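[1] got a sequence here, can you build the structure:
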Amino acid sequence: MPAVSKGDGMRGLAVFISDIRNCKSKEAEIKRINKELANIRSKFKGDKALDGYSKKKYVCKLLFIFLLGHDIDFGHMEAVNLLSSNRYTEKQIGYLFISVLVNSNSELIRLINNAVKNDLASRNPTFMGLALHCIANVGSREMAEAFAGEIPKILVAGDTMDSVKQSAALCLLRLYRTSPDLAPMGDWTSRAVHLLNDQHLIVTSASTDLQDYTYYFVPAPWLSVKLLRLLQCYPPPEDPAVRGRLTECLETILNKAQEPPKSKKVQHSNAKNAVLFEAISLIIHHDSEPNLLVRACSQLGQFLQHRETNLRYLALESMCTLASSEFSHEAVKTHIETVISALKTERDVSVRQRAVDLLYAMCDRSNAQQIVAEMLSYLETADYSIREEIVLKAAILAEKYAVDYTWYVDTILNLIRVAGDYVSEEVWYRVIQIVINRDDVQGYAAKTVFEALQAPACHENLVKVGGYVLGEFGNLIAGDPRSSPLIQFNLLHSKFHLCSVPTRALLLSTYIKFVNLFPEVKGTIQDVLRSDSQLRNADVELQQRAVEYLRLSTVASTDILATVLEEMPPFPERESSILAKLKRKKGPSTVTELEEAKRDRGADANGGPEPAPASTSAASTPSPSADLLGLGAAPPVPAGPPPSSGGLLVDVFSDSPSAVAPLAPGSEDNFARFVCKNNGVLFENQLLQIGLKSEFRQSLGRMFIFYGNKTSTQFLNFTPTLICSDDLQANLSLQTKPVDPTVDGGAQVQQAVNIECVADFAEAPVLNIQFRYGGTFQNVSVKLPITLNKFFQPTEMASQDFFQRWKQLSNPRQEAQSVFRAKHPMDTEVTKAKIIGFGSALLEEVDPNPANFVGAGIIHTRTSQIGCLLRLEPNLQAQMYRLTLRTSRETVSQRLCELLSEQF
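    Below you'll find the model as predicted:
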């Protein structure tokens, strides 16, 4: 290694980096880093006369350690001190450290702001550039408040260097994006526009001959792209002359793109294509020149089979938007065979996903059956990451363009057959809604699902559809000896033991419907309902249904049965829940605009009804399973003014909520008890009882909160509110239904909460209840037990598979371990029950030590699935446990370990 002088570099940093790179294992790296951290900490604490060079060197080491993924909890003040140095290298490292490691809410922000102000006032262009970069990188509201008034002055000052103007412009843009209410407007806007006439290209030039700035034979491509992008912020010009000049420019760009390349260098083609694609984006944005739109479509079509993957991706993406224009929709359709070929042969999954998007966008009544058939064909081999989206789009297109609804029913059943695990609840809800609302398809639907259920292996979603449809319309096919009432019942009941609890609950509702439709099978169904497996079922919901349905079938007259179990009425018309789910998944800019454009184009979409939640259950106590079509269908809470503090997610009634009370005594203990169970009493005092009943499946859940008034006096202004921190709001979606603000004495009201796990989370929401009792204001807060393990799905594994996966998750960050003393008697059966209640599968005869417990499961979120393995090793003599969690994500391992270790 060449010698490095003290003034030119940092030899100690180079040696440290070399040591890290030479480490043979992760453990060796961590050991070397811990040694260095201890040395740096001692230097910062012990040597008060540390010179600037040494501070810079040690701060650089801390920055490097942070970039390796380790936490840094000291050195921030030393970095701030470097800002006051007059040496560029020291000041640069200080700003770099602050930009990367200092949080916008740090207590050091005030000191940093003072240093930044000094550098901005210094008129030293180098120091000013560093300060502006720091403001833009941190971008906090505090910095916006401090410098939003100063930066425009620098931008328009006559003596400011061009490089500083560029930094000031970018910094001002950053502040405008993060805090638009603080960014200066008015006179500053008009003065900033004049910068477009600046003679220096860095600031942007509108008067200089652009041919003087060519890049591989392309005139000023960066400036051209930025100007074309700037024009997309405005509507098409109304002045015919200006509009004509702009059209002429765009035609010139399209013509230039068709010319033979002037160079074989990749830089030439990249620059030319960048300008072309931005010009096409502007053409699409204006959506007013049919000739340009058709030409753009034609030129994009040439890129669909280009050897460069990025160009194929961009062409598909741009054509998706072109497909929504009435002028270019037909031109896009001419490329359907090329797009289908890309779907089947493209190697890159992101390009295949864009091909699916384009097929969806170009679909209309003329090609719907072809496109849906291709999606179904591709679905069998599609990447797992895009299967759910393909299912949603195929279901939407089948409904929207169905001329014959028998084709629609066949399509949805094929979706369930091919990709049942990716058929969301919304899809099978929707097919039921459409069948119920259309008399002409009910008999065909009943016959089709009956035939589909005869397959030896049926997906559970098919059983749900079959149970619901046959329960409503099984009588339409009962005249055929091959589908007699008894055969229908036996076919459904043969699937019963293979299904989850919610599906079994639905099937029980189907059975009681059969009692009304087919009196001849009443005895057979009563025998099933009165069996021990039903009346003594461990699940409260199934047990309650069996008891109540059996009693209903025994004591109710034929007329009463016919009234209680009558056919479901048509559902009211509203937006398809499948389309709503796709909008949530893809965002409004990618779905809503296309749908609206198609509607404007006059496409004859089949408007489908959306049902209100309904249930055939006669149970007196509402439950998640009873509302079979309601999961996730709660209307979103209307947006209101943001709270002054805290992370208020849902405030059901209150106009100006009072301060939230601290957690009630015993709340933490009650919260811990719900980690391994879903039902029970969460809170109780002399006035109020709060009970919970909940169920979770994959990333979705539904919770019913029961508020009981234990007194004889009314509760007035009863206001339950869910409170989440900002981080929790981003990772956990909660939707509530309102409750009555008056709770009578001795009465109970319930509130439904629909839950979706967006990403892994560690906190829990707080339930705050405020009401007036006898003129006295009451304020109660409890933690709501929605924890990460609720989204666990158990997974069975053989011993070999378990330990093979265990070894794969050997990275120290993937493991969390806790050794703790037992808080409760070490009972084997209780331990097993708690592990199962925690959500994982309990794997028997997997661990070589029979006293150990092992489990496996998958945490489901909207964005990912996280495999989890656990191992619990009890030591009866020492009355201690060792719990080890291994998952593919560090935060998940730590959180699950914290939750489960508290249970023993």
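
[2] correct me if wrong: I512 contacts Y549.
    Yes - taking contacts as CB atoms under 8 Å, I512 lies within contact range of Y549: 4.4 Å. (C-beta placed from N, C-alpha, C; glycine too.)

[3] gap between the residue lying closest to M362 once chain neighbours are set aside and H306?
    Spatial nearest neighbour of M362, excluding adjacent residues (CB to CB, 6 or more residues apart in numbering): A323 at 4.6 Å. A323 sits 19 Å away from H306, going by CB to CB, to the nearest Å.

[4] who has more neighbours out of those two?
    Between A323 and H306, counted using other CB atoms under 10 Å, the more crowded position is A323 (26 against 15).

[5] ok, that one touching L358?
    Yes - counting by CB under 8 Å, A323 touches L358, with 6.8 Å between them.

[6] give me the common contacts of these two.
    V332 (CB atoms under 8 Å, 6 or more residues apart in numbering).

[7] can you pull out the strands in the stretch 651-800 of the chain?
    Listed in chain order, the strands of the stretch 651-800 of the chain (DSSP state E, counting those that start in this stretch) span 680-684, 688-697, 700-709, 715-723, 732-736, 748-757, 766-773, 776-783, 792-794.

[8] export those as CSV, with columns for mean pLDDT and mean neighbour count.
    Below are these laid out as CSV (pLDDT from 0 to 100; neighbours: other CB atoms under 10 Å):
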stretch, mean pLDDT, mean neighbour count
strand 680-684, 86, 17
strand 688-697, 88, 20
strand 700-709, 89, 21
strand 715-723, 88, 20
strand 732-736, 88, 21
strand 748-757, 89, 19
strand 766-773, 88, 21
strand 776-783, 86, 16
strand 792-794, 87, 19
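
[9] now those as TSV including distance to P812?
    As requested, the strands of the stretch 651-800 of the chain are exported to TSV (distance: least, CB to CB, whole Å):
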stretch	distance to P812
strand 680-684	37
strand 688-697	30
strand 700-709	32
strand 715-723	35
strand 732-736	28
strand 748-757	26
strand 766-773	34
strand 776-783	31
strand 792-794	23
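
[10] near L896, how many other residues are there?
    Neighbours around L896, by other CB under 10 Å: 28.

[11] so what's it up against?
    Contacts of L896 (CB under 8 Å, 6+ apart): 788-789, 816, 859, 868, 870, 885, 887.

[12] check F16 too.
    With CB under 8 Å, 6+ apart, F16 has these contacts: 36, 61, 64.

[13] most neighbours of all those, which one?
    In those, the most neighbours by other CB under 10 Å go to K61, 21 neighbours.

[14] quick check: it is in a strand.
    No - assigned with DSSP: H, G, I helix; E, B strand; the rest coil, K61 falls outside any strand and is helix.

[15] how near is it to Q92?
    16 Å.

[16] isn't G474 right up against L517?
    Yes - here G474 reaches L517: they are 6.2 Å apart, a contact under CB under 8 Å.

[17] overlap in contacts of those two?
    Listed as contacting both G474 and L517 by CB under 8 Å, 6+ apart are P485.

[18] OK, contacts around L379?
    387, 390-391, 394, 415, 418-419.

[19] quick check, nearest of these to L172?
    I390 (43.0 Å; CB to CB).

[20] how many residues are close by the residue nearest to L876 when sequence neighbours are not counted?
    Distances taken as CB to CB, 6+ apart place M826 nearest to L876, at 5.9 Å, with adjacent residues excluded. Neighbours of M826 under the rule other CB under 10 Å: 14.

[21] which residues does M826 contact?
    M826 makes contact with 874, 876, 879, 904, according to CB under 8 Å, 6+ apart.

[22] can you add distance to I72 and give the residues you listed back as TSV?
    Shown next, in TSV, are those (distance: CB to CB, whole Å):
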residue	distance to I72
P874	38
L876	42
Q879	39
F904	35
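
[23] any idea which of these is closest to F674?
    Among the contacts of M826, and counting by CB to CB, the member closest to F674 is F904, at 15.8 Å.

[24] what about stretch 839-850, how long is it end to end?
    Stretch 839-850 has an end-to-end distance of 21 Å (CA to CA, to the nearest Å).

[25] got the buried residues for it?
    839-843, 846-847 (16 or more other CB atoms under 10 Å).

[26] R545: which of those residues is nearest?
    Closest to R545, out of all of the buried residues of stretch 839-850 and judged by CB to CB, is G839, at 23.8 Å.

[27] contacts only, for that closest one.
    Contacts of G839 (CB under 8 Å, 6+ apart): 789-794, 857.

[28] distance of it relative to A136?
    Per CB to CB, G839 is found 44 Å from A136.

[29] same thing with Q433?
    51 Å.

[30] in terms of neighbours, single out the busier of the two.
    Q433 (24 against 20).

[31] looking at the contacts of L896, which is nearest S18?
    A816 (31.9 Å).

[32] dump the residue contacts of that closest one.
    For A816, the contact set (CB under 8 Å, 6+ apart) comprises 884-886, 890, 893-894, 896-897.

[33] show me how far the one helix or strand L491 maps to is from its chain's centre.
    Using DSSP states H and E, L491 falls within helix 485-496. In terms of CA atoms, centre = their mean, to the nearest Å, the centre of helix 485-496 is set 39 Å apart from its chain centre.

[34] show me what it is packed against.
    Applying 3 or more CB pairs under 8 Å, 6 or more residues apart in numbering; DSSP states H and E, one finds that helix 485-496 makes contact with helix 460-473, helix 501-517, helix 522-529.

[35] between those helices, which one is closest to Y215.
    Between the helices and strands packed on helix 485-496, helix 460-473 lies closest to Y215; by CB to CB that is 55.1 Å.

[36] can you list the residues that contact the closest one?
    So helix 460-473 is in contact with 412-413, 416-417, 420, 423, 427-428, 431-432, 435-436, 442-443, 445-446, 449-450, 452-453, 458, 488, 492, 495, 498-500, 503, 506-507, 509-510, 513-514, 517, 567-568, 616, 628, going by CB under 8 Å, 6+ apart.

[37] swap in 7 Å and give it another go.
    The set of residues external to helix 460-473 that reach it, using CB atoms under 7 Å, 6 or more residues apart in numbering, is 413, 416, 420, 423, 428, 431-432, 435-436, 442-443, 445-446, 449-450, 452-453, 488, 492, 495, 499-500, 503, 506-507, 509-510, 513-514, 567-568.

[38] the residues you listed, buried ones only, as a ChimeraX selection?
    In ChimeraX, this line selects whichever of these come out buried by 16+ other CB under 10 Å:
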select :413,416,420,423,428,431,432,435,436,442,445,446,449,450,452,453,488,492,495,499,503,506,507,509,510,513,514,568
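
[39] skipping its backbone neighbours, what lies nearest the residue nearest the centre of the chain in space?
    The centroid of the chain falls nearest to V758 when counting by CA atoms, centre = their mean (4.2 Å). When the adjacent residues along the chain are set aside, V758 lies closest to R862, with 4.7 Å between them (CB to CB, 6+ apart).

[40] what's the local residue count around that neighbour?
    16.

[41] and it, that one's in a strand?
    No - the assignment for R862, made by three-state DSSP, is coil rather than a strand.

[42] R21 and E29, how far apart?
    For R21 relative to E29 (CB to CB), the value is 9 Å.

[43] I meant to write L67 there.
    13 Å.

[44] low-confidence stretches in the stretch 451-600 of the chain?
    Low-confidence segments of the stretch 451-600 of the chain, defined by pLDDT under 70, are located at 573-581, 583-600.
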